[in-house]
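What would the 3D arrangement of this be:
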Amino acid sequence: MESIVIQKPKEIRLSERAIPEPGPGEILIKVMASGICGTDIHIFNGEYLGAYPVIPGHEFSGIVVSTGNLVKRFKTGERVAVEPNIACDNCVHCLNNRQNFCLNWQAIGVTLPGGMEQYVSVPEKAVFSIGDLPFDQGAFVEPLACVVHGVERARLRLADQVAIFGAGPIGDLILQMLRLQGAARITVVESNPGRAELARELGADLVFNRLEDLQPNMYDVVIDATGVIPLMNRAIDFVRSGGTVLLFGVPPSGKNLEMEAFKIFQKGLTLLSSYTSVRNSFQAVNLLQTGQIKVEPLISHRLPLKEMPEAIDLIERHDPKVKKIIMLPNG
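Numbering: from 1, shown residues only. Below is the predicted model of the structure:
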């Protein structure tokens, strides 16, 4: 089978390897759709957790091909997606329902082989059904689950005014979730004209192309969906006194924020981050199945696995036409 391997930072290649045999408690999945995430770009650039070489891809869906002899819940032919974070279920965090901070954490596509290959073997506990959900949409379950968790953490109130920095795929998912949660006015800041236009189509009330167009001290909640340090630094300037800042985007590791401490103190702000998700996958599946969250407009490219290097280049060049890129390992 074909696999994409990141050998080391900035070095990626298509390789051939044997189709894995599932272990006793594992499921072999034929990968039908695998989304490129900002985290994959960070891994490619050497800015994230995990070791090399690594087969990336943690946002994917596919078909059960075979199962180990201890697998009880799944049969061949079922359509499934994967919760990539593997918790031990027995450390101090897991036993306090904080599985996303597991001390023995592993992750498919980060520390374990991921979905940027034609077949991947994963633990049964990581697999769940997507029913008749199209595979492209199934590849959005993981990022949407993370968004559900983040928006829950922000504790949005009815009729809040919210500003979102960034209208990439994550920013657009957050935008739609905020609308469902009852935000009165949602303002998006996005410099990429293609992404700015899509944010308007998805329901943003106002779209600006630079931070300077935002009114300071205005918003009940400010959410950064970029992970860009200079933008994250500015979030406290636009949230109202007593408001909430949610730092959702994935920044590069080893970089520091620079925020004015006295301003945070004086405004009485709540500063939050959001790390992956906590058992939010079925919420995400339900939102996609009912059509309350729309992801088809977010997909700009569907590419064969061999074009993964070109896909990364498209993303890093900030091409206005690029939104979400879905890789199709099996055509």
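
For His58, give me its contacts.
His58 makes contact with 37, 39-40, 82, 84, 107-110, 114-115, 142, according to CB atoms under 8 Å, 6 or more residues apart in numbering. In this view, the C-beta of every residue, glycine as well, is placed from N, C-alpha and C.

Longest helix in the protein, by number of residues?
As assigned by DSSP state H, the longest helix anywhere in the chain is helix 141-154.

For Ile41, see how far away the residue nearest to Glu59 when sequence neighbours are not counted is.
Using CB to CB, 6 or more residues apart in numbering and skipping the chain neighbours, the partner closest in space to Glu59 is Gly35 (3.9 Å). Distance of Gly35 to Ile41, computed by CB to CB, to the nearest Å: 12 Å.

Those two: which is more packed in?
Gly35 (27 against 17; other CB atoms under 10 Å).

surely the more buried one meets Ser61?
No: between Gly35 and Ser61 there is no contact under CB atoms under 8 Å: 9.3 Å.

I figured Met308 hits Ile4, correct?
Yes: contact criterion CB under 8 Å: Met308 and Ile4 qualify, at 4.8 Å.

Overlap in contacts, those two.
Shared contacts of Met308 and Ile4 (CB under 8 Å, 6+ apart): 12, 14, 116, 327.

my read: the third one touches Met308, true?
It stands for Met116. Yes: using CB under 8 Å, Met116 is in contact with Met308, at 6.4 Å.

Count the neighbours of Val65 for me.
15.

ok but it is inside a strand, no?
Yes: when classified by DSSP: H, G, I helix; E, B strand; the rest coil, Val65 is found to be part of a strand.

From Val80, how far off is it?
As judged by CB to CB, Val65 and Val80 stand 11 Å apart.

joint contacts of those two?
Ile29.

Could you pull up the residues touching the residue nearest to Glu59?
With contacts defined as CB under 8 Å, 6+ apart, Gly35 is in contact with 59-60, 139-140, 143, 169, 324-327.

Among the residues you listed, which one lies nearest to Ile315?
Ile325 (6.8 Å; CB to CB).

Identify the residues contacting the closest one.
Going by CB under 8 Å, 6+ apart, Ile325 touches 35-36, 299-303, 311, 314-315.

Identify the residue nearest the geometric centre of this protein.
Pro143 (3.3 Å; CA atoms, centre = their mean).

Spatially, what comes nearest to that residue if we skip its sequence neighbours?
Of all residues not flanking Pro143 in the chain, Glu59 sits nearest, at 5.8 Å (CB to CB, 6+ apart).

Now the one you found: phi and psi?
In terms of degrees, to the nearest 10, the main-chain angles of Glu59 are phi -120, psi 90.

What pLDDT is listed against it?
Glu59 is assigned 98 on the pLDDT scale.

Could you identify which of the contacts of His58 has the most neighbours?
Busiest of the contacts of His58 [other CB under 10 Å] is Gly115, holding 32 neighbours.

Kindly confirm my reading that it forms part of a helix.
No: using three-state DSSP, the secondary structure at Gly115 is coil, not a helix.

Which residues are in contact with it?
Taking CB under 8 Å, 6+ apart, one finds 29, 31, 34, 57-60, 62, 82, 108-109, 329 in contact with Gly115.

Mark which of those are part of helices, please.
Among the contacts of Gly115, no member falls in helices (DSSP H).

could I get those as JSON lines with distance to Leu70?
Output for the contacts of Gly115, formatted as JSON lines (distance: CB to CB, whole Å):
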{"residue": "Ile29", "distance to Leu70": "17"}
{"residue": "Val31", "distance to Leu70": "22"}
{"residue": "Ser34", "distance to Leu70": "26"}
{"residue": "Gly57", "distance to Leu70": "25"}
{"residue": "His58", "distance to Leu70": "24"}
{"residue": "Glu59", "distance to Leu70": "27"}
{"residue": "Phe60", "distance to Leu70": "23"}
{"residue": "Gly62", "distance to Leu70": "21"}
{"residue": "Val82", "distance to Leu70": "18"}
{"residue": "Ile108", "distance to Leu70": "19"}
{"residue": "Gly109", "distance to Leu70": "23"}
{"residue": "Pro329", "distance to Leu70": "26"}
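
so which of the residues you listed comes closest to Val239?
The closest of those, once distances to Val239 are taken by CB to CB, is Glu59, at 29.8 Å.
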